[in-house]
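Participant: Would you be able to build a 3D model of this:
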Amino acid sequence: MGEHNVKILDAKKARAVFIQHLINDVEALEYLLENNLIEDDIVRIGAEQEFCLVDATWRPATNSGAILEAINDPHFTTELARYNLEINLDPVKLGPNCFKTVGDQLNSLLALAAKKAASHDSKVVLTGILPSITQTELEFEYMTPNVRYWALNEQLKSVKGSDFQLHLTGVDELSISHDSVLYEACNTSFQLHLQIPPKDFVSSYNWAQAISGPILGIATNSPLLLGHELWSETRIGLFQQSIDTRRASHALKKQEPRVKFGKEWASSSIAEIFKDDIAQHKVLLSQEIPTGSLSEIKKGNIPKLYALNLHNGTIYRWNRPCYGVAKGVAHVRIENRYIPAGPSTIDEIANFALWVGLMVGRPAEFDHMPDVMHFQDAKSNFIKAARTGRAAMLLWKGELRTVKDLMLNEFLPIAHAGLKKAGIDDSNREELLGIIEARANTGNGSEWMIENYRSLQKEVHNDKALRLITRAMYQNQLKNTPVHLWGPVEKETPLDAKSHLVRHIMSTTLYTVNENDLANLATLFMKWKNVHHVPVENSVGKLMGLLTWTRAKKFQKEHDPGSPQTVADIMEIDLITVDPDTHIKDAIKTMKQHEIGCVPVVDEGDLVGIITIKDLIPFDHE
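Facilitator: As a prediction, this is how the structure comes out:
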């Protein structure tokens, strides 16, 4: 999540000072570019691994702070939520064994994290979106106590001026409002970095944009959110909407989101991309700038460009341009942000090799992308790949092609050539790209997850299915087996601990009636749908009562079909309810005590779910 030593720009003078630093940084960058002061004779790769922490119930843990302290390694840092951490891997020179070096360090650091997490009764899981996450873990109290996160949350809410709206449609549909940026914390990724020679930056950046759709289509791993089957890579839509500060209005105007693919091919230089983002997006955060960038240049030093990098860290391009300084030498790089975490580290390193191979192996015909492909086609390919993954039909050089066809017949040959050009060891190249080939033919992480989720739903409750999938991911990751070799989820072995809250098992697919509906229609509806308990709401969605099958049968027996009585006349009004965070054992006790078979779940007066004895019995024996 970037630089942590930040503050909110809450005074005109402070804003003016910081923005002037931002302007000076752009001027300084242009000076460095014009005078060839940015490194161009070496290529390095690097990566960042975000990961989830889960507890014994396979739900999000809340102890990342304690685990980070126990790890005590500068490679690790916090993330937005208290159940996520991040590893910053060391940069490595692109060469024969670079991917093995990256993979070995990644596995070593994850093993360290797993060891320390185990001492705190937690486990490490790699996944784009943790299947077992619930709304409980998306409340503000789960945000990591860190000045940057709090400041960013307050600024984004202020710019938005209202709650954030999330609406995603896939096989299922999810529509919800949220009052913080914490939904963004659902997303965990494996972010890839590739150093680029400055003079080739625009061609490389545009090529990176063009190949994003096919790469994403083969690498999707995040199809589930809150038990809903949405996009093949739900992270793409979720990230944009979870921090979308654009305001709806009656005016028809185009507004760029802060999480974006972009709107046109890059031109001129990396500085032009930064200028475009400064022009389109409000400055949110500031920090103390020790020395101005232009002053540093006058002294003969290479400036850090603090203001520019801080602002760039609040613009979330899926392919992000980056400027950095190491040991007094400046460099520029592209950060690939769309690859999800997992399914295993070998899958991640294979994705890394594919991307780098394609970047290095770019054929000359793609040096000037505007002559080859319309930008909107590249953007459309990216969205289609996010929605349907390996099943997407993408437009490439004027022809509709499947992801499988593109990968096998266009992209893998380019990637092999690129890795050979980079001097990658043949055996390592063939192993890693062989994993991509097998995945193209067999299936990716999203497909494995959906196939198992649908199968499990036939036999167990949704909540248990999601936790079984989470456990299976963890077990496969321990073996570091590539996802195309993963088998069915084991469902016979009991989970380590019981589900414990009502919100985890309540049904949110509700049949409801209005208090003013005709009683005859409501009772027929219950008969048609074979339901024994129907919540009764008023015109604004507040729970007013419960219509039971006992009451419905009595009404049918005592009244003729033309009776004018309404639901309000026959419903139960003395209701026993629970809230979503009630422990399941307490819900069972309540239902037994009052001898009732159904309890509405109410949150601040709103009906959010319903539980029945049928729902509770399996969990009572889990």
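Participant: And the strands in the stretch 351-500 of the chain, which stretches?
Facilitator: Applying DSSP state E, counting those that start in this stretch to the stretch 351-500 of the chain gives strands spanning 393-396, 399-402.
Participant: gap between the first one and the chain center?
Facilitator: Yep, that's strand 393-396 we're talking about. Taking Cα atoms, centre = their mean, to the nearest Å, one finds the center of strand 393-396 at 24 Å from the center of the full chain.
Participant: Which residues does that strand contact?
Facilitator: Strand 393-396 has contacts (Cβ atoms under 8 Å, 6 or more residues apart in numbering) with 213-214, 217, 373, 377, 380-381, 384-385, 400-403, 406, 410. For every residue, glycine as well, the C-beta is placed using N, CA and C.
Participant: let's see 7 Å
Facilitator: With contact meaning Cβ atoms under 7 Å, 6 or more residues apart in numbering, strand 393-396 is reached by 213-214, 377, 380-381, 384-385, 400-403, 406, 410.
Participant: coming back round to it: what's the most buried one of the strands of the stretch 351-500 of the chain?
Facilitator: A comparison of the strands of the stretch 351-500 of the chain by mean neighbour count, using mean count of other Cβ atoms under 10 Å, puts strand 393-396 on top with a mean of 18.
Participant: List the strands paired with that one, with their directions.
Facilitator: Here strand 393-396 is paired, per DSSP bridges, with strand 399-402 (antiparallel).
Participant: Just the endpoints, please. Distance across stretch 557-566?
Facilitator: In stretch 557-566, first residue to last residue: 16 Å (Cα to Cα, to the nearest Å).
Participant: Show me which positions of it end up buried.
Facilitator: Using 16 or more other Cβ atoms under 10 Å as the test for burial, stretch 557-566 gives His559, Thr566.
Participant: and Glu365, how many neighbours?
Facilitator: Using other Cβ atoms under 10 Å, Glu365 is surrounded by 10 other residues.
Participant: Now for the nearest residue to it once chain neighbours are set aside: which residues touch it?
Facilitator: Closest residue in space to Glu365, ignoring its immediate chain neighbours: Val372 at 6.5 Å, by Cβ to Cβ, 6 or more residues apart in numbering. Residues near Val372 by Cβ under 7 Å, 6+ apart: Glu365, Phe366, Lys397.
Participant: would a markdown table of those with pLDDT and distance to Glu256 be doable?
Facilitator: Putting the contacts of Val372 into a markdown table (pLDDT from 0 to 100; distance: Cβ to Cβ, whole Å) gives the following:
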| residue | pLDDT | distance to Glu256 |
| --- | --- | --- |
| Glu365 | 97 | 30 |
| Phe366 | 98 | 25 |
| Lys397 | 93 | 28 |
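Participant: Among those residues, which are located in helices?
Facilitator: Among the contacts of Val372, no member is found in helices (DSSP state H).
Participant: roughly how far apart are Leu168 and Gly103?
Facilitator: 33 Å (Cβ to Cβ, to the nearest Å).
Participant: Tell me which of these two has more neighbours.
Facilitator: Gly103 (23 against 19).
Participant: where's that one relative to Leu395, distance?
Facilitator: Counting by Cβ to Cβ, the gap from Gly103 to Leu395 is 34 Å.
Participant: same for the stretch of helix or strand Leu294 belongs to, what does it pack against?
Facilitator: Assigned by DSSP states H and E, Leu294 falls within helix 293-298. Applying 3 or more Cβ pairs under 7 Å, 6 or more residues apart in numbering; DSSP states H and E, we find helix 293-298 packed against helix 12-34.
Participant: How about the helix it packs on, which residues are buried there?
Facilitator: Applying 16+ other Cβ under 10 Å to helix 12-34 flags 18-19, 21-26, 28-30, 32-33 as buried.
Participant: What of stretch 275-282?
Facilitator: Within stretch 275-282, the residues that count as buried by 16+ other Cβ under 10 Å are Lys275, Asp276, Asp277, Ile278, His281.
Participant: Relative to Ala151, which of those is nearest.
Facilitator: If you rank these by distance to Ala151 using Cβ to Cβ, His281 comes first, at 16.0 Å.
Participant: Could you give the number of residues near the closest residue to Ala66 other than its chain neighbours?
Facilitator: Spatially, and ignoring its direct neighbours in sequence, Ala66 is nearest to His120 (5.7 Å; Cβ to Cβ, 6+ apart). When neighbours are counted by other Cβ under 10 Å, His120 registers 16.
Participant: quick check: longest strand of this structure.
Facilitator: Criterion DSSP state E: the longest strand present in the chain is strand 44-54.
Participant: Quick one: mean pLDDT for whichever helix or strand comes after that one?
Facilitator: With elements assigned by DSSP H and E, the helix or strand that comes after strand 44-54 is helix 64-71. The average pLDDT for helix 64-71 rounds to 97.
Participant: Can you show me the CA trace of helix 64-71 as PDB?
Facilitator: In PDB, the C-alpha atoms belonging to helix 64-71 read as follows (Å, rounded to 0.1, in the frame of the first residue of the first chain):
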ATOM      1  CA  SER A  64      -1.200  -9.700  11.400                       C
ATOM      2  CA  GLY A  65       0.400  -7.200  13.700                       C
ATOM      3  CA  ALA A  66       1.500  -9.800  16.200                       C
ATOM      4  CA  ILE A  67       2.700 -12.100  13.400                       C
ATOM      5  CA  LEU A  68       4.600  -9.300  11.700                       C
ATOM      6  CA  GLU A  69       6.400  -8.500  15.000                       C
ATOM      7  CA  ALA A  70       7.200 -12.200  15.400                       C
ATOM      8  CA  ILE A  71       8.600 -12.400  11.900                       C
END
